[in-house]
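1. show me the folded form of this:
(2 chains)
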Amino acid sequence: MSELEVHATEWHTRDFPTAAKDLLQDSQTRKNVQHATNVIQGKRNTVVAELPDWEDLREAGSQVRAHALRHLDYYLTQFEENCTRAGGHVHWASDAAEANRIILGLVQKHQATEVIKIKTMTSEEVGLNAHLEANGIRPIETDLAELIIQMGKDRPSHFVAPALHVNRQQVRAMFQREMNLPDLGDEPEDLATAARNYLREKFLRIKVAISGGNFLIADSGGICITESEGNGRMCLTLPDVLISIVGIEKVIPSYRDLEIFLQTLPRSATGERMNPYNSTWCGVHPGDGPQEFHVVLLDNGRSPILADKEASQTLKCIRCAACLNACPVYHQTGGHAYESVYAGPIGAILTPQLQSMKEGRSLPYASSLCGACYEVCPVKINIPEVLIHLRGKVVREDQATLGGKLSLWNIGMQAAAFLFKDSGRLAMAEHMGQIGQKVLVSKNGFIEWMPLMLSGWTQTRDLKAMPAQSFRDWWAKEKSPNASANLRAEGRSND
Amino acid sequence: MTETSHHRATILASIRLSLGTPQTADQIAAEYATIKRTYRRYGTMNHDELVDFFEDRLREYDAGVYRAELNAIASTISAILTKRGKHGLVMPSGIPKSWLPQAFDFEQIDDEDAYRIDRSEGVMTGCTVAIAETGSIVLQNAPGQGPRILSLVPDYHLCVVRAGQIVSQVPEAFDRLAGSSSLPTTFVSGPSATADIEMTRIKGVHGPRFLDVLIVNDATA
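-> The predicted structure follows:
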């Protein structure tokens, strides 16, 4: 059958500062995001504090993920062998186009015109829904939040709770319209019941399901999916055909390793001791669930990241989104400002790397480097370290172009480096600053406006004018070994 | 070369290029064995405390919790079903006859007829293991537990847990699951729920909205 190419939802159309500026004007969204992240953060802190061995679990989880990545090809082929032996079909896709081609082919082979879906960020990453729609297949999202996003023609803003930027009144209005329920109430229970009734018939009828996967388990050839609502279980159990699309980095060596992640993931992601449902299965089991099972292993820019010693730890991520909830920048802007499938601190390091630093170049700067993300990460990804590393990469790549070399930023930074390298030059610059600032200092002793790229600093705050005597002058005069002599010469004592 | 095997080779070569010289399976296994697992494997509670702890955690999820001695399973199930207003349940094969009270209709289902299961008033199953600290029950495709569909589609689930099946910690549960990791397995922690609307945990979306757990005292009986 023929296949139409489409472009995935347009991400990366604006840089972070531009998108953030717009979103900061949207006070309703900010309120929704702040409420939601504060609630999850609070619950997370409570259930994490309960565990006396939390740090041991973090360390073990970090080591297991790092080990799996160090031997990724070994564990992937082990997974492939065991999954195939259990009756599954393993496909490999180097990029989004190949993943879409494989999945569309499988859906078309079964002559399905509708498919049910479990929330998967990987599917979002490859733009699968748009691809299926362009080819006449209707994908139906079954996770409540994803359903809200799909009905609202919106974008996910958080990868555990994708509709966290929408409040219940907004959801009600959408369900009233799309499900034809004019009398629907706005209690969360009403909305959940509406979704249950709307989707039940689809679960029972539709024969092909598409999922992601939280973990690929090498030694059993199985997959693990964690969820809350039971829509995942429905998709994993009722259809005839199941297709799971999973990033290659999601592999763990052993089933036993789940004893770590099934403790750290729910506590980090939703602040629960355990989420309502976790499913594991291997290939096909006669008399239980889909009798045709496919896994699509997606690379799409992941394998080159492994070569970067500092940044490859990014791939340890288990997508709990705790770093989003903890991030003061995310709190203010929400997820859409990142213009990326993966938002928040982890998105800020993952997105540009997945795009070989061609997109999302402003994202490593979308952080105050406060370190809250690292502190909550259940697999100890040192996000601030990677952010700085990637900033360095962006700068060096920019410097390699003529435009970058001649940019005001580069000239300014080079000049600053020149001055800071030598104490004599710095002293001279300070003296020049004291003279030069005179035109900028207001009567109150503050600088309220600075020129060019320095203007950002004074946009929302005043800068105190440089004092007449610099610290270095003061030190030289009062405290240095020669100071007593100087002071004596002036007729003063140092004691 | 087919399209897929071409992509397979490309991905594996790209990974290898990034990682450098590969190690042998023995070296990898040796490295895996050095991973520090200093987290807790076992709890320190005695048996009675453990069962109480499990009950507390289940109640926090808003599950109903009941207890019965070995010789009173059927009468307790009768009381639970009466309270819930049920006339009968579906169940997998392998449920002991002695559990089933008279005056209720228990239908054994061995296939995956989703519509028939959907019309039932609820389901009764056993379990493989239960975890106190997280209030979880673990179901597998095994006698008395059945295929996954059975404990999923009905709106009501009654799970019978023998006290000896309750462990304290998640790692302890994985010790017990070590031999059956290839079976379809579901960890159930409370009734189905969502927090997708304003981060409020709402009971009941697609899985059973009502969960009762009957803990049977099988210790030193």
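
2. when you work out contacts or count neighbours from here on, use the C-alpha atoms and nothing else.
-> Fine.

3. run a quick neighbour tally on the nearest residue to A:Cys282 once chain neighbours are set aside.
-> With CA to CA, 6 or more residues apart in numbering or on different chains as the criterion, A:Cys282 has its nearest non-adjacent residue at 4.0 Å, and that residue is A:Gly222. By the criterion of other CA atoms under 10 Å in any protein chain shown, A:Gly222 has 27 neighbours.

4. again, but for B:Leu100
-> B:Leu100 sits with 17 neighbouring residues when counted by other CA under 10 Å.

5. that one against B:Ala74, yeah?
-> Yes: applying CA atoms under 8 Å, one finds B:Leu100 in contact with B:Ala74, separated by 5.2 Å.

6. so who does residue 182 touch?
-> In the absence of a named chain, chain A is used. The contact partners of A:Pro182, taken as CA atoms under 8 Å, 6 or more residues apart in numbering or on different chains, are A:Gln176.

7. wrong one, I was asking about chain B
-> For B:Ser182, the set of contacting residues under the criterion of CA under 8 Å, 6+ apart consists of A:220, A:222, A:281-282.

8. and the pLDDT for A:Glu249?
-> The model reports A:Glu249 with a pLDDT of 98.

9. same deal with B:Met1?
-> 51.

10. what does B:Pro191 give?
-> With respect to pLDDT, B:Pro191 has a value of 88.

11. who's in contact with it?
-> With contacts taken as CA under 8 Å, 6+ apart, B:Pro191 has the following neighbours: A:276, B:61-63, B:203-204, B:207-211.

12. swap in 7 Å and give it another go.
-> B:Pro191 makes contact with A:276, B:63, B:203-204, B:208-211, according to CA atoms under 7 Å, 6 or more residues apart in numbering or on different chains.

13. surely the residue nearest to A:Cys282 touches A:Leu216?
-> Yes: taking contact to mean CA atoms under 7 Å, the distance of 6.1 Å between A:Gly222 and A:Leu216 places them in contact.

14. domain map for chain B?
-> With automatic domain parsing as the criterion, the domains of chain B are listed as B:1-35, B:45-217.

15. ranking those by burial, who's on top?
-> With neighbours defined by mean count of other CA atoms under 10 Å in any protein chain shown, none of the domains of chain B is more surrounded on average than domain B:45-217, at a mean of 20.

16. quick revisit: A:Tyr330: which of the domains of chain B is closest?
-> Put simply, out of those the one that sits nearest A:Tyr330 is domain B:45-217, at 16.6 Å, with distance taken as CA to CA.

17. so how far is the closest one off the chain centroid?
-> Taking the mean of its C-alpha atoms, domain B:45-217 sits 7 Å from the chain's own mean (CA atoms, centre = their mean, to the nearest Å).

18. just stretch A:410-430 next, same as before
-> Relative to the mean C-alpha coordinate of its chain, stretch A:410-430 is positioned 37 Å out (CA atoms, centre = their mean).

19. restricting to C-alpha, output that stretch in CSV.
-> Provided in CSV are the C-alpha atoms of stretch A:410-430 (Å, rounded to 0.1, in the frame of the first residue of the first chain):
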residue,chain,number,x,y,z
ASN,A,410,32.0,36.5,21.0
ILE,A,411,33.9,39.7,20.8
GLY,A,412,32.6,40.7,24.2
MET,A,413,33.5,37.4,25.8
GLN,A,414,36.9,37.3,24.2
ALA,A,415,37.6,40.8,25.5
ALA,A,416,36.4,39.7,29.0
ALA,A,417,38.6,36.7,28.9
PHE,A,418,41.6,38.9,27.9
LEU,A,419,40.9,41.3,30.8
PHE,A,420,40.3,38.6,33.5
LYS,A,421,43.5,36.7,32.6
ASP,A,422,45.8,39.4,33.9
SER,A,423,45.5,41.4,37.2
GLY,A,424,47.0,44.5,35.7
ARG,A,425,44.5,44.5,32.8
LEU,A,426,41.6,43.9,35.2
ALA,A,427,42.8,46.9,37.4
MET,A,428,43.0,49.1,34.3
ALA,A,429,39.5,48.0,33.2
GLU,A,430,38.1,48.8,36.7
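
20. mean confidence score for that stretch?
-> For stretch A:410-430, mean pLDDT rounds to 90.

21. moving C-terminal from the biggest helix by length in chain B, which element do we reach first?
-> Using DSSP state H, we find that the single longest helix of chain B is helix B:3-19. Tracing the chain C-terminally past helix B:3-19 and defining elements by DSSP states H and E, one meets helix B:25-33 next.

22. which outside residues touch that following helix?
-> Looking at helix B:25-33 with CA under 7 Å, 6+ apart, the contacting residues turn out to be A:His67.

23. got a list of contacts for the helix or strand that comes right after it?
-> Following helix B:25-33 in sequence order, the next helix or strand is helix B:47-60 (DSSP H and E). Helix B:47-60 is touched from outside by B:65, B:132-135, B:163, B:168, B:190, with contacts defined as CA under 7 Å, 6+ apart.

24. could you pick out which of those are near chain A?
-> For chain A, the contacts drawn from those by CA under 7 Å from any CA of the partner chain are B:134, B:190.

25. can you list which of the contacts of helix B:47-60 are found in strands?
-> B:Val65 (DSSP state E).

26. for residue 100, list the residues it contacts.
-> Picking chain A for this. Contact analysis of A:Asn100 by CA under 7 Å, 6+ apart lists A:128, A:131.

27. ah, I was thinking of chain B
-> With CA under 7 Å, 6+ apart as the criterion, the residues that contact B:Leu100 are B:Ala74.

28. again with B:Gln140
-> When contacts are counted by CA under 7 Å, 6+ apart, B:Gln140 touches B:128, B:183-186.

29. which two from the contacts of B:Pro191 end up farthest apart in space?
-> Every pair in the contacts of B:Pro191 was compared (CA to CA); the two farthest apart turn out to be A:Pro276 and B:Phe210, at 12.4 Å.

30. and stretch A:145-152, does that touch chain B?
-> Yes: looking at stretch A:145-152 against chain B by CA under 7 Å from any CA, the contacts come from A:Ala145.

31. now stretch A:317-326
-> No: on the criterion CA under 7 Å from any CA, stretch A:317-326 is out of touch with chain B, staying 12.1 Å away.

32. what about that stretch, start to end distance?
-> The first and last residues of stretch A:317-326 sit 16 Å apart, counting by CA to CA, to the nearest Å.

33. next one: stretch A:361-379
-> Start to finish, the residues bounding stretch A:361-379 are 25 Å apart (CA to CA).

34. likewise for stretch A:120-133?
-> Distance between the boundary residues of stretch A:120-133 (CA to CA) amounts to 17 Å.

35. list the buried residues in that stretch.
-> Of the residues in stretch A:120-133, those buried by neighbour count under the rule 16 or more other CA atoms under 10 Å in any protein chain shown are A:120-132.

36. for the chain, which spans come out with low pLDDT?
-> You didn't pick a chain, so chain A it is. The model of chain A has pLDDT under 70 over residues A:1-10, A:484-495.

37. I was thinking of chain B, sorry if that wasn't clear
-> B:1-3, B:219-221.

38. can you give me the helices in it?
-> Using DSSP H, the helices found in chain B span residues B:3-19, B:25-33, B:47-60, B:73-84, B:114-118, B:170-177.

39. nearest residue to the most centrally placed residue in chain B other than its sequence neighbours?
-> The centroid of chain B falls nearest to B:Val138 when counting by CA atoms, centre = their mean (2.2 Å). The shortest distance from B:Val138 to any non-neighbouring residue, by CA to CA, 6+ apart, is to B:Phe187 (4.5 Å).
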